[in-house]
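In: Sequence first, predicted model second:
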Amino acid sequence: MQFNKRSALRVAALFAILFLIGFTMRIPAIWLSGFYGMHGVLSAPFFGALAMWHYRHDGAGWQLVAATLLLAALLGMMSPVMGVTFASMAVIAGVVRSVVGGRGHGDLVSAAVFGAVSYPCTLAAGIALGSYFPTSSSVLTIVVMAVLGIALSVFGALLVPSKNGTMGT
């Protein structure tokens, strides 16, 4: 792990972009307030695309984890659910990146997982901290939203061109 001014700038930029994505997706999620954690689904393609861009431009996994943990700390001061959500995303991102690395389709897998876990982490944090109580009638909605979040995250990651300009993997 190499830390220098450029690394710090990358972490700061990732933090700012993650914050902007979350903030802008919160607005339509408020309009759809009947769906708990909707901002997690709406943010998934943007989180996936951001992570893919980061990895494709020689970004290190620890930088994305650090930026996400910084966001978790900031948001956790406002809402424990948001803090736990982003802390969970950071841990999962770090574990996945350390397992798959950047070889083969590792960038795509790492990026897609980073976006895809946004909704499940939001849901799990909400349940664990008592701000959401799923009912038997909400199970289908939860499953559909989780699948939609996964699909949108993969789609977002696939839209990021490689350094040679080709899309996808």
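Out: Cool, got the structure.
In: What is the neighbour count of Ser33?
Out: Summarising burial for Ser33: neighbours were counted as other C-beta atoms under 10 Å, giving 8. Where you see a C-beta, it was placed from the backbone N, CA and C, and this is true even at glycine.
In: show me where pLDDT drops low in the chain?
Out: 1-4, 164-169 (pLDDT under 70).
In: and the residue nearest the centre of it, what does it touch?
Out: What sits nearest the mean C-alpha location of the chain, by C-alpha atoms, centre = their mean, is Gly115, with 3.7 Å. Shown in contact with Gly115 (C-beta atoms under 8 Å, 6 or more residues apart in numbering): 43-49, 51, 149, 152-154, 156-157.
In: try 6 Å this time
Out: Taking C-beta atoms under 6 Å, 6 or more residues apart in numbering, we find Gly115 in contact with 44, 47-48, 153, 156.
In: any idea which of those is the one closest to Pro134?
Out: Among those, Ala44 lies closest to Pro134 (C-beta to C-beta), at 19.5 Å.
In: Okay, that closest one and Leu50: tell me how far apart.
Out: 11 Å (C-beta to C-beta, to the nearest Å).
In: Between the two, tell me which one has more neighbours.
Out: Ala44 (31 against 26).
In: sorry, back to before: pull out the buried residues from the contacts of Gly115.
Out: 44, 47-48, 153, 156 (16 or more other C-beta atoms under 10 Å).
In: Alpha carbons only: can I get the strand or helix carrying Thr122 in CSV?
Out: Per DSSP states H and E, Thr122 falls inside helix 118-128. Only the C-alpha atoms of helix 118-128 are listed here, as CSV (Å, rounded to 0.1, in the frame of the first residue of the first chain):
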residue,chain,number,x,y,z
SER,A,118,-25.7,-0.8,-1.6
TYR,A,119,-29.4,-1.9,-1.1
PRO,A,120,-28.8,-5.1,0.9
CYS,A,121,-26.5,-3.2,3.2
THR,A,122,-29.1,-0.4,3.6
LEU,A,123,-31.8,-3.0,4.3
ALA,A,124,-29.6,-5.0,6.8
ALA,A,125,-28.5,-1.9,8.7
GLY,A,126,-32.1,-0.7,8.9
ILE,A,127,-33.3,-4.0,10.3
ALA,A,128,-30.4,-4.4,12.6
